[in-house]
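Colleague: I need the structure of the sequence given here:
(one chain, ligands or ions: 1)
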Amino acid sequence: MNIAVVGCGYVGLVSGTCLAALGHQVVGIDVDQARVQSLQAGKVPIYEPGLSEMILQQTAAHRLSFTTDMATAVQNSQVIFVAVGTPPAPEGGYNLTMLFDAVEQIIKAANEPKTIVIKSTVPPGTGEKVAAQAATAPHRLEVVNNPEFLREGTAIHDFMNPDRIVFGAGTAEGIGALREIYQPLIDRGFNILSMSRASAELSKFGANAMLAMRISFINEISRLASAVGADIESVRMGIGSDPRIGPAFLKAGIGYGGSCFPKDVAALVHQMQTLKIEPHLLSGIEQANRHQREHFVQGILRVLEGRKDPQIALWGLAFKPDTDDIRESPAIEIARMLAAAGCIVRAFDPEAMANTRRLLGDTIIYAPDVPQATAGADAVVLATDWSVFITQNWPTIKAMMRGVHVFDGRNCLASGKVSAAGLHYYAVGRTPVPPGSTRHGSVGVVVAG
Ligand SMILES: NC(=O)c1ccc[n+]([C@@H]2O[C@H](COP(=O)([O-])OP(=O)(O)OC[C@H]3O[C@@H](n4cnc5c(N)ncnc54)[C@H](O)[C@@H]3O)[C@@H](O)[C@H]2O)c1
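Modeller: This is a model prediction of the structure:
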């Protein structure tokens, strides 16, 4: 099928490239001319594992191309996916201007009946508004919601192996077009869940809020674990081993970030308040997330109290590993807080340096690698669990530092190895391990036979 994808960001690029790999003819459209030119030249403007290679393969096979010419791309396509940004609005909820503008352009360009697929995350009720907008077109335009559940860092795998593919359609025609597009995945046994537009929209919102809630939940429990001398790594196994609960998204740390959870939780709260439904539970999720970072930074500053011009090696800036995305990244917030408290922050991230430099300017120092970030540091602060950080040689790190403190904001380091190297290990919801001690052991859970 001939498909246009409006918006060549994280979601649009991955979806478009994967749809091409499924055998469709795809054109990606973006208003950002520099982005399109770079894509046309084979340079991918975002970091997502495997994406560059896949884009090169699909463009070489003439199944994928990029343009700024919306009108021609729309006219040549039967189905138009809209994957533009839906950023938070200052007054709460989402700013949907880019979505409605894109739909307006599609309406103007459409020369025959077509299907518009909303891939962007939107508040419940938006699909109906887009359908009303599309009803003003001279040709019939079906509107279907098809929310995207991919995770940055594993986006291609997630698109090609979806837990579920959600269709929110007003009509059978809309569903028919989407079925045809996803048929290769349906043939491989992946589930289609067909529902109303509002249900599809709320499924996406609800899924993100649920995941964010689990993170805030375990983080709150981690505060109690610290206070009573329990170990959150053992506790999360004790909780997550219950099959009714499961272990996913129960890892304590410095909290969630990214372009989705913070804004989706906030928008959900906003929409409920607008509808006079009190979001008792949901309004606490984001608050707990913010507190978690502040609490972590306060812990660092307490340990470094009295040290003149404390030097921090900040390991990680992206909101999670395997991406260059720093939107709402806890690491960025921590960099800001530490710099504001008078610390000299030298940061390194394998992929997110350029994005961070654009955002933070010269408020922090940018190191080209782990050793140059770490040399002379009083403390290492791990904020993103990239594997390059987890696999460091701790005696070498110790030899580079002037201080002895290691703060693990993701509970991902082997505490025994860190402390055996003569370093003081601090994690989230765990008792600190002084140099030379191996107190945490593996995870501290003994399975009785
Ligand atoms: N990033 C994720 O992990 C993820 C996952 C699931 C869903 N989502 C949702 O998907 C949507 C897109 O997210 P993203 O991270 O890809 O955003 P993004 O900001 O990376 O990309 C959006 C792109 O759309 C382009 N654009 C804006 N208006 C346009 C127009 N009128 N015509 C053509 N191009 C236009 C922008 O230039 C930009 O390149 C959002 O609603 C987001 O909430 C994101």
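
Colleague: what's the distance between the spatially most central residue of the chain and residue 240?
Modeller: Geometric centre of the chain, nearest residue: residue 258, 4.0 Å, by C-alpha atoms, centre = their mean. Note on residue 258: its distance to residue 240, by C-beta to C-beta, to the nearest Å, is 22 Å. All C-beta atoms are positioned from the backbone trio N, CA, C, and that covers glycine.

Colleague: pretty sure residue 413 is touching residue 406, no?
Modeller: Yes: the pair residue 413 / residue 406 is scored as a contact, 7.1 Å apart, by C-beta atoms under 8 Å.

Colleague: For whichever residue of the chain sits closest to the ligand, which residues are in contact?
Modeller: Per C-beta to the nearest ligand atom, residue 9 is where the chain lies closest to the ligand, at 1.7 Å. Listed by C-beta atoms under 8 Å, 6 or more residues apart in numbering, the contact set of residue 9 reads 30, 46, 83, 84, 85.

Colleague: Dump those into a markdown table; add distance to the ligand, secondary structure and neighbour count as well.
Modeller: As requested, those are exported to a markdown table (distance: C-beta to the nearest ligand atom, whole Å; DSSP: H, G, I helix; E, B strand; the rest coil; neighbours: other C-beta atoms under 10 Å):
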| residue | distance to the ligand | secondary structure | neighbour count |
| --- | --- | --- | --- |
| 30 | 4 | coil | 23 |
| 46 | 7 | coil | 19 |
| 83 | 5 | coil | 29 |
| 84 | 4 | coil | 25 |
| 85 | 4 | coil | 20 |
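
Colleague: so which pair among those is furthest apart in space?
Modeller: When C-beta to C-beta is used, the two most widely separated members of the contacts of residue 9 are 46 and 84, lying 14.9 Å apart.

Colleague: Contact partners for residue 67?
Modeller: By C-beta under 8 Å, 6+ apart, the neighbours of residue 67 are 27, 28, 29, 36, 73.

Colleague: residue contacts, the residue lying closest to residue 247 once chain neighbours are set aside?
Modeller: Counting by C-beta to C-beta, 6 or more residues apart in numbering, residue 240 is the residue found nearest to residue 247 once chain neighbours are left out, at 3.3 Å. By C-beta under 8 Å, 6+ apart, the contact set of residue 240 is 246, 247, 248, 250.

Colleague: Which of those residues are buried? Put it as a ChimeraX command.
Modeller: Command for ChimeraX that selects the buried part of these, burial taken from 16 or more other C-beta atoms under 10 Å:
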select :250
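
Colleague: Secondary structure, pLDDT and distance to the ligand for the contacts of residue 240 - can I get that in a markdown table?
Modeller: A markdown table is the format used below for those (DSSP: H, G, I helix; E, B strand; the rest coil; pLDDT from 0 to 100; distance: C-beta to the nearest ligand atom, whole Å):
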| residue | secondary structure | pLDDT | distance to the ligand |
| --- | --- | --- | --- |
| 246 | coil | 97 | 21 |
| 247 | coil | 97 | 22 |
| 248 | coil | 96 | 17 |
| 250 | coil | 98 | 21 |
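
Colleague: so, if you compare the contacts of residue 240, which one comes nearest to residue 318?
Modeller: residue 248 (20.3 Å).

Colleague: Angles on the backbone of that closest one, please.
Modeller: Geometry field for residue 248 lists phi and psi as phi -70, psi 140, criterion degrees, to the nearest 10.

Colleague: how much space between it and residue 151?
Modeller: 11 Å.

Colleague: next one: residue 143
Modeller: On the measure of C-beta to C-beta, residue 143 and residue 151 end up 26 Å apart.

Colleague: Those two: which is more packed in?
Modeller: Taking other C-beta atoms under 10 Å, residue 143 and residue 151 do not tie; residue 143 has more neighbours (26 against 14).

Colleague: Just give the nearest non-adjacent residue to that one, would you?
Modeller: Counting by C-beta to C-beta, 6+ apart, the residue nearest residue 143 is residue 131, at 4.2 Å.

Colleague: show me what contacts the one you found?
Modeller: Applying C-beta under 8 Å, 6+ apart, the residues contacting residue 131 are 143, 170, 197.

Colleague: Can you report phi and psi for the closest residue to the second one other than its chain neighbours?
Modeller: Using C-beta to C-beta, 6+ apart and skipping residues adjacent in sequence, the residue nearest residue 170 is residue 131, 5.9 Å away. Taking degrees, to the nearest 10, you get phi -60, psi -40 for the backbone angles of residue 131.

Colleague: Per-residue confidence, residue 131, what does it come out as?
Modeller: On pLDDT, residue 131 comes in at 96.

Colleague: Ok, residue 90 next?
Modeller: So residue 90 comes in at 88 (pLDDT).

Colleague: so it, which of the three states?
Modeller: coil (DSSP: H, G, I helix; E, B strand; the rest coil).

Colleague: contact partners of stretch 266-282?
Modeller: With C-beta under 8 Å, 6+ apart, stretch 266-282 has contacts from 88, 92-94, 123-124, 205-206, 209, 213, 265, 283, 286.

Colleague: among these, which one has the lowest pLDDT?
Modeller: Among those, residue 92 has the lowest pLDDT, at 83.

Colleague: Check which helices and strands the biggest helix by length in the chain is in contact with.
Modeller: In the chain, assigned by DSSP state H, the helix with the most residues is helix 197-228. Packing partners of helix 197-228 (3 or more C-beta pairs under 8 Å, 6 or more residues apart in numbering; DSSP states H and E): helix 126-134, strand 141-145, strand 165-169, helix 232-240, helix 261-274, helix 282-303.

Colleague: Near the ligand, which residues of the stretch 51-200 of the chain are found?
Modeller: 83-86, 98, 101-102, 105, 120-121, 148, 150, 152 (C-beta under 6 Å from any ligand atom).

Colleague: how many neighbours does residue 180 have?
Modeller: 14.

Colleague: Where does it fall, secondary structure wise?
Modeller: For residue 180, the element it lies in under DSSP states H and E is helix 172-187.

Colleague: Helix, strand, or coil at the closest residue to residue 437 other than its chain neighbours?
Modeller: Take residue 437 and drop its neighbours on the chain: the residue closest to it by C-beta to C-beta, 6+ apart is residue 419, 5.1 Å away. Under three-state DSSP, residue 419 falls in the helix class.
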